[in-house]
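> How does the following fold in three dimensions:
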Amino acid sequence: MAEDSVEKPSEQPEKKPQAESVEMVRNNSKLSKRIRGEGGKFQKQPKTMPKSEDMTRYLRNVLNRAEANEDGTITRGSKSRIHRMTQNIIKNAEMDAERPLTDKLGHLVMDEDGKIVTAVDPKVMMASAQNYKEIMLRAYGAPGKSDEELDAMKTQSVKVVILKYPELMDKNVYEEKPRPKLEPAFAEVLDVKTNEE
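The predicted model follows:
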């Protein structure tokens, strides 16, 4: 049997798991959960992220909770935050893009007849269009996809293309011949001398 396959006793002594106890402690008239370690001291609690289901439930409860009226009371007809937010988005979608013009000091610009001069604000137009889009998407759902989009989704827009080698015009194979050295036609070389002595 090889030495590696034999289990060797560990050189470090095994640590005993710490005995922990979870206690509920009253702190400033609120109960909180604390972990007490083996020595009786409080230990740092591991911080974990809340589950997404818990966060969704919490946010839904916050948004659906009725808010107090102007007099501070909650009645049966009190509106929730989600209702106010929806009304605000609808109001923004209905917003008119024509805005009065102002000068550098913030004063309204008037024409000769004393009427306020207005101009279309593209930022307001984009914001109201985006609010309209969100409301329609929530109210009526996403519009149906066309046949072309459905076909593209089925094939995942991946196509297999097989390329064939192109046919050669001249099918004859020619051997490569050594080319003669090219000499300029305007110079006739009679003798070549080198500087060797």
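> what does stretch 26-34 rub up against?
Val22, Glu23, Met24, Val25, Phe42, Gln45 (Cβ atoms under 8 Å, 6 or more residues apart in numbering). Backbone N, C-alpha and C define where each C-beta goes, glycine included.
> Same question for Leu137, what's its three-state structure.
The three-state label given to Leu137 by DSSP: H, G, I helix; E, B strand; the rest coil is helix.
> That one: what's it in contact with?
Applying Cβ under 8 Å, 6+ apart to Leu137 gives no contacts.
> Which parts of the protein are strands?
Along the chain, counting by DSSP state E, strands occupy 21-27, 30-36, 42-43, 98-100, 118-120.
> hang on, the earlier thing: what subset of the contacts of stretch 26-34 is buried?
With burial judged by 16 or more other Cβ atoms under 10 Å, the buried subset of the contacts of stretch 26-34 is empty.
> for the residues you listed, which one is nearest Pro166?
Nearest to Pro166 among these: Gln45, at 71.9 Å, using Cβ to Cβ.
> Identify the residues contacting the closest one.
Lys33, Arg34, Ile35.
> Just the buried residues of those residues.
Using 16+ other Cβ under 10 Å, nothing in the contacts of Gln45 comes out buried.
> Can you lay out those as a markdown table showing distance to Asp151 and pLDDT?
Formatted as a markdown table, those follow (distance: Cβ to Cβ, whole Å; pLDDT from 0 to 100):
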| residue | distance to Asp151 | pLDDT |
| --- | --- | --- |
| Lys33 | 56 | 80 |
| Arg34 | 61 | 82 |
| Ile35 | 58 | 82 |
